[in-house]
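Visitor: Here is my input; please provide its structure:
(one chain, ligands or ions: 2)
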Amino acid sequence: MKEIILAKYGEIILKGGNRVKFENILLNNIRNSLKNVAEFNMRLAQATVYIDVSDSEKIDLVVERLSKIFGLVAITKAAVANKDIEDIKRVAKEYLEPDFRDGLSFKVEAKRSDKQFPLKSPEICFEVGGFLDDEYPNVRVDVHNPDINVRVEVRDFGAYVYRMENKIQGQGGMPIGTGSKATLLLSGGIDSPVAGHMISKRGVTIDAVNFFSFPYTSERAKEKVIELASILAQYTSKINLYIVPFTEIQLQIRDNCPEEHMTLIMRRFMMRISERIARRNKSLALVTGESVGQVASQTLAALDVTNSVVDMPILQPLIGMDKNEIIERSREIGAFETSILPYEDCCTVFTPKHPTTNPQRANIERTESRLDVEALIDKALEGVERIEVFPKGN
Ligand code: ATP
Ligand code: MG
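Guide: Ligands and ions are numbered 1, 2, ... in the order given. Next comes the predicted model:
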């Protein structure tokens, strides 16, 4: 008996005249993500990608990869039958044998998208359900609350049988590469990886920038950021990570500016430098992980002070989320355990005891003007290191 994977896409369906373009990007992303995993054939019809994996032992690994591809909304393995009711019955019987254990109940649902098929959906249910009921006296039919939901689909290329319970949810969103590029300010914390995931889910390619304060922050802190980028890359494919040396800027701020302004001036430098890196790499926006009121530097007044130095859109997808919601997302994407590793971040090393919560742009600008902002930015940019980060597990 042969098993293949059916992967259904979501929002692309709304794309009208551009649909084929979006479909091709999705197929390309799937090809890329699977190229080191298994050999396979793939085709697309009726908003569903059919993936036929040559080595059946690799099929679960392929499903796991597909579950991280933006654009797909549902993924399931299914047994393949000919478009012939007797063959469908035969395949269903064999496929369900391991699941039909004593005392369980089942129900058959059918969908006929090939209208040439001689039996209508209710007739398919009746035929297949009756047959399974006869063949397996140890199980019974229950149409209201069955243990096992059997699904039969008669489609263009063939007929398919699977258990609804085995169908998994995809990531949703739009395929990466359909939505330009943005640059993520990636710290070692919980929030920014989630922010990156949310924007890339909309089809946006992501570059990442990290500010690093050697020797105040350790090599392990850097490895942690690379690890987070590689977790994110599981969803986006390879990520270019730019590591910016930040120590000199931080020391200059510490030595010349009031302590309570320290964080905000640091954040302004981060935004400016990120914008430069973004423009060099044809990124059209910055992405950061703030949520209103989470800390002193994320009040609306503080966001005004930090965001005003940049002249490109700043995407802050977590802006209205609670910490608990962000943590839940972080767990879902598999970043949480890495994010909470206790290595110091460039900001934690230089945190003021009493940061201002209601800062005025003019005041910050005045104290910041004691520094040679442009020269410091240029110097930091000279020291940027680029790392190509590949998906974790590849
Ligand atoms: P996170 O959990 O993402 O670190 P946070 O709640 O600690 O966020 P802040 O430290 O105020 O928030 O930083 C706000 C945003 O600024 C972060 O979400 C991130 O996008 C960016 N950022 C902060 N520190 C760095 C850094 N060292 N390198 C790159 N980006 C940073
Ligand atoms: Mg942080």
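Visitor: Excluding chain neighbours, what is closest to residue 259?
Guide: residue 352 (4.5 Å; C-beta to C-beta, 6 or more residues apart in numbering). Every residue, glycine included, has its C-beta placed from N, CA and C.
Visitor: Can you pull the phi and psi angles for the one you found?
Guide: phi -70, psi 150 (degrees, to the nearest 10).
Visitor: so who does it touch?
Guide: 259-260, 262-263 (C-beta atoms under 8 Å, 6 or more residues apart in numbering).
Visitor: roughly how far apart are it and residue 393?
Guide: 40 Å (C-beta to C-beta, to the nearest Å).
Visitor: Residue 140 now?
Guide: For residue 140, the distance to residue 393 (C-beta to C-beta) stands at 43 Å.
Visitor: follow-up on the earlier one: quick check: the two most widely separated of the contacts of residue 352?
Guide: Greatest spacing in these, by C-beta to C-beta: 259 and 263 (9.5 Å).
Visitor: who has more neighbours, the two?
Guide: Neighbours were counted for residue 259 and for residue 263 using other C-beta atoms under 10 Å; residue 263 has more, 22 against 14.
Visitor: Look up which helix or strand the more buried one falls in, please.
Guide: helix 262-280 (DSSP states H and E).
Visitor: name the helices or strands packed onto that helix?
Guide: Secondary-structure packing of helix 262-280 (3 or more C-beta pairs under 8 Å, 6 or more residues apart in numbering; DSSP states H and E): strand 181-185, strand 205-212, strand 239-245, helix 247-256, strand 285-287, helix 300-307, helix 361-368, helix 373-382.
Visitor: where does residue 354 land on pLDDT?
Guide: Here, the pLDDT recorded for residue 354 equals 80.
Visitor: Residue 358 now?
Guide: So residue 358 comes in at 85 (pLDDT).
Visitor: what about stretch 247-263, average pLDDT?
Guide: So the average pLDDT for stretch 247-263 ends up being 95.
Visitor: Does that stretch reach ligand 1?
Guide: No: remark: stretch 247-263 sits outside contact range of ligand 1, by C-beta under 6 Å from any ligand atom, the gap being at least 7.4 Å.
Visitor: Help me confirm that residue 370 is found in a helix?
Guide: No: assigned with DSSP: H, G, I helix; E, B strand; the rest coil, residue 370 falls outside any helix and is coil.
Visitor: where does it fall, phi/psi-wise?
Guide: Dihedral pair for residue 370: phi -70, psi -10, per degrees, to the nearest 10.
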